[in-house]
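# Sequence first, predicted model second:
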2 protein chains.
Amino acid sequence: MNGQNPGSVSKLLVQICKLRRNKSNTLLATAGLHSGQDILLYHLSVEDGQTVSALVEKICIQHATISTMIDRMEAAALIRKEKDSLDKRVSRIYLMPKGKEALSQVVHIWNELEAVSLKGLTTDQHSLLAELLQLVLKNLS
Amino acid sequence: MNGQNPGSVSKLLVQICKLRRNKSNTLLATAGLHSGQDILLYHLSVEDGQTVSALVEKICIQHATISTMIDRMEAAALIRKEKDSLDKRVSRIYLMPKGKEALSQVVHIWNELEAVSLKGLTTDQHSLLAELLQLVLKNLS
DNA sequence: AATATTTAGTTAGTCGGCTAACTAAAATTA
DNA sequence: TAATTTTAGTTAGCCGACTAACTAAATATT
């Protein structure tokens, strides 16, 4: 199944994601975060007070998933959930001091992960990889 | 944070893995499998009757994770767990008919995922991508 | 105005993944 | 041989992710 041909890109992706995720988790743990919470905080840093639905779309996650996630992050004082005054169906999520603090560490963690992943690659290789991954991303979308 | 530079490979990887995983899950569901169970079955197809520890190493997973996974897959009649007669600590895992049947679908699913992911890429681009991902994988190992 | 439909989130239940703490058996070592 | 250490798996508890079924509120329709 794996002779001289280019090899399975899927398998490589699975392995890379597993390793990347493990590394990310251990780093995020030092910031008191769990896997995926970094992304939620990031989107709030771009725009605070977003609705749950808006976050769902940006993170590409299910309503059910983010719902419990938000509850846990609120319990951890990272964020705050508040009902919208006009539309009582919607909830808006706001960053809390502890969330902002974690966020500053998240940036470093992301930079470190990126640096480790691309160690030894030339700028051209980096660009090429990004381009090719863009194509793959488009194919899967 | 994201100007004209090559862009974050990490972000691309995260998005790709999320989409790939979703596609994989829906396909695997048609074979009666859950995420990750395909890989376990594959390794058993390479060598049946492996110990739990051997599978742990090959799949790069935690003992605890595979333990419950095996129980569930045994309950689903995909595999069978048997205590080794010589060393009573170890358990050996064997493919069951239902597992073999699912396996035949897994091959097709993997091929389809690979094809979808690489649609539109030339052979050169495919090779290049695999090479670059190999470098990233090595960096993360 | 009353009914139906769409939209926003939540809850229950399942699965993969992890860590930490544990049992049991084999292999070392004193 | 008896005590210690290592090895193999399990269990409990947590988190992210999903589907399916649900509540509640706003909007559309009749």
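Arrived safely.
# Against A:Leu121, how distant is the spatially most central residue of chain A?
Nearest to the geometric centre of chain A sits A:Ile39, at 3.5 Å (C-alpha atoms, centre = their mean). Counting by C-beta to C-beta, to the nearest Å, the gap from A:Ile39 to A:Leu121 is 24 Å. In this view, the C-beta of every residue, glycine as well, is placed from N, C-alpha and C.
# A:Asn25 too?
If you measure A:Asn25 against A:Leu121 using C-beta to C-beta, the figure is 24 Å.
# These two - which one has more neighbours?
A:Leu121 (17 against 13; other C-beta atoms under 10 Å in any protein chain shown).
# surely that one meets A:Ala130?
No - taking C-beta atoms under 8 Å as the definition, A:Leu121 is not a contact partner of A:Ala130, at 10.5 Å.
# Quick one: residues contacting A:Cys31.
Careful, residue A:31 is Ala and not Cys. For A:Ala31, the contact set (C-beta atoms under 8 Å, 6 or more residues apart in numbering or on different chains) comprises A:Asp38, A:Ala102, A:Gln105, A:Val106, A:Ile109.
# make it 10 Å
Neighbouring residues of A:Ala31 by C-beta atoms under 10 Å, 6 or more residues apart in numbering or on different chains: A:Gln37, A:Asp38, A:Leu41, A:Glu101, A:Ala102, A:Leu103, A:Ser104, A:Gln105, A:Val106, A:His108, A:Ile109.
# same question, A:Glu114
A:His126, B:Ser8, B:Val9, B:Ser10, B:Lys11, B:Leu13.
# swap the cut-off to 6 Å and go again
For A:Glu114, the contacting residues are B:Ser8, B:Ser10, by C-beta atoms under 6 Å, 6 or more residues apart in numbering or on different chains.
# Over to the one 3 residues further on?
Taking C-beta under 6 Å, 6+ apart, we find A:Ser117 in contact with B:Val136, B:Asn139.
# circling back to that earlier point, with adjacent residues omitted, what lies nearest to the residue nearest to the centre of chain A?
Nearest residue to A:Ile39 in three dimensions, chain neighbours excluded: A:Ile59, at 5.7 Å (C-beta to C-beta, 6 or more residues apart in numbering or on different chains).
# Next: A:Gln50.
Nearest non-adjacent residue to A:Gln50, counting by C-beta to C-beta, 6+ apart: A:Ile93, 5.9 Å away.
# what distance separates the helix or strand hosting the one you found from the centre of its chain?
Element membership for A:Ile93, per DSSP states H and E: strand A:91-95. Averaging C-alpha positions (C-alpha atoms, centre = their mean, to the nearest Å) puts strand A:91-95 18 Å from its chain's average.
# can you give me the angle the helix or strand that it is followed by makes with strand A:91-95?
Next helix or strand after strand A:91-95 toward the C-terminus (DSSP H and E): helix A:97-117. Here helix A:97-117 points in a direction 70 degrees away from that of strand A:91-95 (axes from the mean of the first three to the mean of the last three C-alpha atoms, to 10 degrees).
# what about helix A:97-117 and DNA strand D, touching?
No - taking C-beta under 7 Å from any atom of the strand as the criterion, helix A:97-117 and DNA strand D are apart, separated by no less than 12.1 Å.
# Check which element follows that helix along the chain.
Where DSSP H and E defines the elements, the next helix or strand beyond helix A:97-117 is helix A:123-140.
# What parts of chain A come near chain B?
A:6-7, A:9-10, A:12, A:15-20, A:60, A:113-114, A:116-117, A:119, A:126-127, A:129-130, A:132-133, A:136-137, A:139-140 (C-beta under 6 Å from any C-beta of the partner chain).
# Please pick the buried ones from those residues.
Using 16 or more other C-beta atoms under 10 Å in any protein chain shown as the burial test, the residues of chain A next to chain B include A:6-7, A:9-10, A:12, A:15-17, A:19-20, A:113-114, A:117, A:126, A:129-130, A:132-133, A:136-137, A:139-140 as buried.
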